[in-house]
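> Quick one: sequence plus predicted model below, questions after.
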Amino acid sequence: MSYIVWRPDFDLGIPVLDQHHHNLVALINDFHLSVNRGLDSELCSTIFSRLREYADYHFKVEEALMAHHGYPESPDHIAEHRLFVNNVGRLEKTFAQDPLLTQQVLQYLKQWLEQHILVIDRQLAEHIKAGQH
């Protein structure tokens with residue numbers, strides 16, 4: 001069973017963002033699966049690093065879209081990205097030191113991604129779609 005199940009309300013109608021979000025969900029689910037299978041902490045750390053690297057790539061694409069479409073909320077949105085990167089960096093170190101905190105790490109990732117897609121990214125998507133008419 002997937003840790004995060006894709007829901008229709010996650011679709012924003014911006015194909016590149018929707019694909020990236022699918023990929024982020026898959027990476028979080030991979031991390032969850034590897035932890036629950038009892039895989040060694042080194043492999044879990046590798047998967048977690050892939051998640052962090054992909055999130056960074058996704059944020060760069062998203063921020064380029066914001067600039068291209070003149071998104072007025074860019075500073076706040078970018079600040080959310082930076083906060084996530086900082087938190088994930090801290091969580092990655094915490095996980096490396098104490099793998100027993102994995103459930104807290106997973107809970108943070110799930111809550112952040114769902115909130116970010118449903119609220120923050122939805123606002124960006126609506127701005128982009130409004131400019132395409």
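Done, it's in. Residues are numbered from 1 along each chain as shown.
> Heading C-terminal from the longest helix belonging to the chain, find the next helix or strand.
Secondary structure of the chain per DSSP state H: the longest helix is helix 41-68. Using DSSP states H and E, the helix or strand that follows helix 41-68 in sequence is helix 74-97.
> Helix 41-68 and that next one, what's the angle between them?
180 degrees (axes from the mean of the first three to the mean of the last three CA atoms, to 10 degrees).
> Would you mind listing the buried residues in stretch 45-56?
45, 47-48, 51-52, 55 (16 or more other CB atoms under 10 Å). Just so you know, the C-beta spots here come from the backbone N, C-alpha and C atoms, and that holds for glycine as well.
> now the longest helix of the chain, how far from the chain's geometric center?
Computed by CA atoms, centre = their mean, to the nearest Å, the chain-centroid distance of helix 41-68 equals 7 Å.
> Would you confirm that Ser45 contacts Gln97?
No - counting by CB atoms under 8 Å, Gln97 is not a contact partner of Ser45; they are 10.8 Å apart.
> shared neighbours of the two, which are they?
Counting by CB atoms under 8 Å, 6 or more residues apart in numbering, Ser45 and Gln97 have no common neighbour.
> I'd say Gln123 and Glu73 touch.
Yes - under the criterion of CB under 8 Å, Gln123 makes contact with Glu73 at 6.4 Å.
> hmm, back to that, could you say what helices and strands the longest helix of the chain packs with?
helix 15-36, helix 74-97, helix 102-115, helix 122-131 (3 or more CB pairs under 8 Å, 6 or more residues apart in numbering; DSSP states H and E).
> For those helices, give me a markdown table that also has mean pLDDT.
Formatted as a markdown table, the helices and strands packed on helix 41-68 follow (pLDDT from 0 to 100):
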| stretch | mean pLDDT |
| --- | --- |
| helix 15-36 | 92 |
| helix 74-97 | 88 |
| helix 102-115 | 90 |
| helix 122-131 | 95 |
